[in-house]
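[1] okay, structure incoming, though there's no sequence with it:
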C-alpha cells in the first residue's frame, strides 16, 4: 500500500503562485508514473501533469506553460509549481501513482492522496 500525502494548498489571488507537495511512502514498482489531478465542484476529476521514473513529463493543455511537475526520487517528494493562477484553477488537487506508463485516465491509477484545496480569488 503506497501512501501519498499532499500539502501546500491555500488561498491566493489571481496571478499568484503556489507549490504543492506530495510525500510518497515508497515506490511499489520499478517503472512508475506520478501524476497530479484536480477536481472542481460539480466537475469530473481531470489530469494535469504526469512524470515517470525517468523524468519524462506531460501536461494537459489547460496548464501547459503555467504548471511544472517535478519529482525528487530520493526524497520521495512530488511537486507541482503553479504559476499565473486564475479563478478557474480553484479545485481540490490530488497526487496519484500507478505502475507502468503515464496516462491522464484517472481510473488507471492505483493510489491517491487525500487532496489539498487550492482557491484562487479574482
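    Yep, that arrived. Just so you know, these numbers come straight off a predicted model, no measurement behind them. Numbers count the residues shown, from 1 in each chain.

[2] if I look at the most centrally placed residue in the chain, how far off is residue 70?
    Among the residues of the chain, residue 36 comes closest to the average C-alpha position under Cα atoms, centre = their mean, at 2.0 Å. Noted for residue 36: a distance of 11 Å to residue 70, by Cβ to Cβ, to the nearest Å. The way it works is simple: take the backbone N, C-alpha and C, and place the C-beta from them, glycine included.

[3] now do the shared contacts for the two.
    Both residue 36 and residue 70 are contacted by residue 78, under the criterion Cβ atoms under 8 Å, 6 or more residues apart in numbering.

[4] on that earlier part again, what about the residue nearest to the centre of the chain, which SS state?
    Here residue 36 takes the strand state, with states given by DSSP: H, G, I helix; E, B strand; the rest coil.

[5] surely it touches residue 93?
    Yes: with contacts counted by Cβ atoms under 8 Å, residue 36 reaches residue 93, the gap being 6.3 Å.

[6] anything in contact with each of these two?
    Each of 20, 80 lies in contact with both residue 36 and residue 93 under the rule Cβ under 8 Å, 6+ apart.

[7] quick one: pLDDT of the residue sitting furthest away from the middle of the chain?
    Distance from the C-alpha centroid of the chain peaks at residue 122, with 22.8 Å (Cα atoms, centre = their mean). Per-residue confidence (pLDDT) for residue 122: 93.

[8] residue contacts, it?
    Counting by Cβ under 8 Å, 6+ apart, residue 122 touches 13-14, 87.

[9] the residues you listed in strands, which ones?
    Secondary structure from DSSP state E places residue 13 of the contacts of residue 122 in strands.

[10] out of the contacts of residue 122, who's nearest residue 62?
    Taking Cβ to Cβ as the measure, residue 62 sits nearest to residue 87 out of the contacts of residue 122, at 13.2 Å.

[11] can you name the residues that contact the residue nearest to the centre of the chain?
    In this structure, residue 36 makes contact with 20, 22, 47-50, 67, 69, 78, 80, 93-96, judged by Cβ under 8 Å, 6+ apart.
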